[in-house]
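Colleague: quick one, what's the 3D model for this:
(one chain, ligands or ions: 1)
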Amino acid sequence: MKFSRKDFVKGIGIGTLTLPIWLRSFLGENWAQEPLNGPETRISEKKYQWKMVTTWPPNFPVLGEACTYFANIVREMSGGRIEIKVYGGGELVPALEVFDTVRSGGAEMGCGASYYWAGKSPATQFFTSVPFGMNAQQMHSWLIWGGGMELWEEIYADFNLVPMIGGNTGMQMGGWFNREIKSMDDLKGLKMRLPGLGGKVLEKAGGTPVLLAGGEIYTGLERGVIDATEWLGPYHDYLAGFQQIAKYYYTPGWHEPGSVLEFTVNKTLYDSLPNDLKAILKAAAAQATNWCFAGMETKNAEQLAIMKQEGVAIRSFPKEVLDQLRIYSEEVLEELASSDARSRKVYDSFKKFKALINPYSGITEKLFFESIE
Ligand code: CA
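Modeller: Predicted structure coming up:
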């Protein structure tokens, strides 16, 4: 939607009772972006009892809580027409079976992160986070206004799933180490729990990525199976107790600068819903996303203050290390895009949006944060 300065000035000159033409068409176009081609019934009496399977451990703080928060909003907004029972990973199906369970209708909804499904389609990784990608607000901008969501929907439609943004972890931390990282040499031979594309970057740096599930990290680190690990941010990492067994807590989480989480709905079911329930699911997902991201930021900030009081050694990766890791990351993303047509298509859109938004973030957020240091 493009509107001229003349339209804009005319618009703001008119009283609030009548919406100006440009604003009406502006709102109209946005509301109409995704036609909800369902039955026209506005209020049907049909009641739904759904299951939501998630990749999070049962009652997982913030991320798992956001699922219950979502279910509560949906129940309230729909006047009880949709009741959703949330299951932690392993309660109904194992965490990594969420995708297949929802697409096949074994559960109506799922929650997790799209990069867990790289084995189904490698391009899904771009919808969560990639090394040296975009932060949370940039990711949400790409997805909602920059065409990312359409690409995500297109890929998931082939798996009979409808994706929605389901939260964001915010910028993650770089991880826990038992030796200081002063140069790239310190990454050589390092065995680190660093899944996905981040692990591929570590490999280029001469390290060894090790796959460990969340529950195995602590003992792995304690027993020397791994030398280092990343997980989430201060809040969850502290609850996991990593500060007891690792010396240094590094920042930033270059490998996951703002991981987008997802809600998924079985597409056959979604398509059969009346329009008001479709709109309720989308509105509730947007609200739960806001709640989750704000929660992560707040809890992580509170925990960081506690960690500092307790003397946890917090270190930043040297610029030289980050510069080299960024070069390796670009190589890894290029290799991924070259190996898979869909990843190429998504990466092109991702890269184009990143090139658009970084100069803007650079003269706003970056300068602002530098000024308050
Ligand atoms: Ca992580």
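
Colleague: quick one: mean pLDDT over the helix or strand hosting Glu83.
Modeller: In the assignment (DSSP states H and E), Glu83 maps to strand 82-87. The average pLDDT within strand 82-87 is 98.

Colleague: repeat for stretch 260-267
Modeller: 98.

Colleague: same deal with stretch 197-216?
Modeller: 92.

Colleague: tell me the contacts of the residue of the stretch 251-373 of the chain found nearest the ion?
Modeller: Here the stretch 251-373 of the chain gets closest to the ion at one residue, Glu256, 4.9 Å apart by Cβ to the ion. From N, CA and C alone the C-beta is placed, and that goes for glycine too. Contact analysis of Glu256 by Cβ atoms under 8 Å, 6 or more residues apart in numbering lists 128-129, 131, 169, 171-172, 198, 230.

Colleague: at 10 Å instead, please
Modeller: By Cβ atoms under 10 Å, 6 or more residues apart in numbering, the residues touching Glu256 are 113, 115, 128-131, 133, 169-174, 194-198, 230, 232-233.

Colleague: centre-most residue in this protein?
Modeller: Closest residue to the average C-alpha location of the chain: Val260 at 0.9 Å, with Cα atoms, centre = their mean.

Colleague: now do the phi/psi pair for Trp50.
Modeller: Main-chain dihedrals, Trp50, degrees, to the nearest 10: phi -110, psi 160.

Colleague: what's the spacing between the residue of the stretch 251-373 of the chain closest to the ion and Leu194?
Modeller: Distance check for Glu256 against Leu194: by Cβ to Cβ, to the nearest Å, it reads 10 Å.

Colleague: what touches both of those two?
Modeller: Going by Cβ under 10 Å, 6+ apart, residues that sit against Glu256 and also against Leu194 are 131, 174, 230.

Colleague: quick check: residues of the protein near the ion?
Modeller: Counting by Cβ under 5 Å from the ion, the chain comes close to the ion at 172, 256.

Colleague: so where do the strands sit in the chain?
Modeller: 48-54, 82-87, 109-112, 161-168, 175-177, 191-193, 208-209, 228-229, 248-251, 260-266, 313-316 (DSSP state E).

Colleague: out of the ones you listed, deepest packed?
Modeller: strand 109-112 (a mean of 28; mean count of other Cβ atoms under 10 Å).

Colleague: that one pairs with which strands, parallel or anti?
Modeller: strand 48-54 (parallel), strand 260-266 (antiparallel) (DSSP bridges).

Colleague: please compute how far that strand lies from its chain's middle.
Modeller: Here strand 109-112 is found 13 Å from its chain centre; the criterion is Cα atoms, centre = their mean, to the nearest Å.

Colleague: could you dump it to CSV, C-alpha only?
Modeller: Taking C-alpha atoms only, strand 109-112 is exported to CSV below (Å, rounded to 0.1, in the frame of the first residue of the first chain):
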residue,chain,number,x,y,z
MET,A,109,-2.1,-28.2,17.2
GLY,A,110,1.6,-28.1,18.0
CYS,A,111,4.1,-25.7,19.4
GLY,A,112,7.9,-25.7,19.0
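
Colleague: mind listing what the residue nearest to the centre of the chain touches?
Modeller: 113-115, 126-129, 134, 136, 139-140, 142-143, 148, 152, 163, 165-169, 289, 293.

Colleague: same check on Val225?
Modeller: Here Val225 is in contact with 191, 193, 210, 212, 216-217, 219 (Cβ under 10 Å, 6+ apart).

Colleague: give me the neighbour count for the residue in the stretch 51-200 of the chain that the ion sits nearest to.
Modeller: For the stretch 51-200 of the chain and the ion, the shortest gap (Cβ to the ion) falls at Gln172, measuring 5.0 Å. Residues within reach of Gln172, counting by other Cβ atoms under 10 Å, total 26.
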